[in-house]
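A.B. asks: sequence and predicted structure, then a few things I'm wondering about:
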Amino acid sequence: MRFRNKHADDSTDPPQIYQSTVELAWTVIPVLIVVALFLAATRVILAVQHAPRPQNAIEVVVTGHQYWWEYRYPALGVVTANELHVPVSDDHHPTPTFIKLFSADTDHSFWIPRLAGKTDLIPNHPNSMWIDPHETGLYLGQCAQYCGTQHAKMLLRVYVQSRADFDRWIQEQRQPAIVGNAVSQGQRIFETTACINCHTVAGTVANGRFGPDLTHLMSRDTIAAGAAKNTPENLRQWILNPDAIKPGSLMPAMQLSDPELDALTAYLETLR
């Protein structure tokens, strides 16, 4: 408005200026900034995707199911569910945990905010990530990709332990289920119903893979992928009517009588 010339001929072009130093500056400087940011981001991405793997690093294979987590430690011979145990990493001798991610059915997402960003689990497309926790304690997370009715109750619990405590936990998890000389009524019910089609109990005939491994069920703090505390009362209710704790759960109600339900619950309580 200040410099317009009302008396000038509108058809006259303004003066044309070529090779302006200002134009060159505001082109070159942003380009240099973008290049610097690109190189910095590339360095970080490569460091995350190709992290060095020490010899004593732990490897865990995670499989997402509707609606629970399966954890396998191939080198250690341990299978568990819903509660992941890893050793704390030493600042001087890092021992990160490397995680391979698979999906058994639909899309899931593995997310523990205090340990790492979320990483998706896509059917027929293996993925991977790693965590390097430096403080012991319980870290909470959950599936971050909508995967069905009970997506909100597909919770994650990661226990970061001292190396000694982790090694002790591994030794305990390697043991088969403690079975008495005589087969209890509860074990007989477990092994003669549909329970063994879905669940495994090491040392018995139960070898199902559709549901969580129950060999050391009572060593876990929760049931139903973190939806309820692992107490005898909640365990009995979970067997009686899974929908009461987790509506839409794929675990069927077994339609057991009260005596059968009590016997089965008592047997499961021995799986430590």
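C.D. replies: Yep, that arrived.

A.B. asks: spit out the contact partners of Asp221.
C.D. replies: By C-beta atoms under 8 Å, 6 or more residues apart in numbering, Asp221 lies in contact with 83, 157, 229-230. (Glycine included, C-beta is placed from N, CA and C.)

A.B. asks: do you know how far it is from Pro94?
C.D. replies: As judged by C-beta to C-beta, to the nearest Å, Asp221 and Pro94 stand 28 Å apart.

A.B. asks: what residues go with each domain of the protein?
C.D. replies: Domains of the chain are assigned by automatic domain parsing as 58-170, 185-268.

A.B. asks: for stretch 138-152, measure first residue to last.
C.D. replies: Taking C-alpha to C-alpha, to the nearest Å, stretch 138-152 runs 19 Å from one end to the other.

A.B. asks: contacts for it next, please.
C.D. replies: Under the criterion C-beta under 8 Å, 6+ apart, residues 64, 66-67, 105-115, 118, 120-121, 133, 154-160, 226, 246-249 lie in contact with stretch 138-152.

A.B. asks: make CSV from the contacts of Asp221 and add distance to Asn207, pLDDT and neighbour count to it.
C.D. replies: As requested, these are exported to CSV (distance: C-beta to C-beta, whole Å; pLDDT from 0 to 100; neighbours: other C-beta atoms under 10 Å):
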residue, distance to Asn207, pLDDT, neighbour count
Glu83, 22, 96, 20
Arg157, 26, 96, 20
Lys229, 28, 95, 13
Asn230, 23, 95, 19
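
A.B. asks: closest one of those residues to Thr192?
C.D. replies: Sorting the contacts of Asp221 by how near they are to Thr192, with C-beta to C-beta, puts Asn230 at the top with 24.5 Å.
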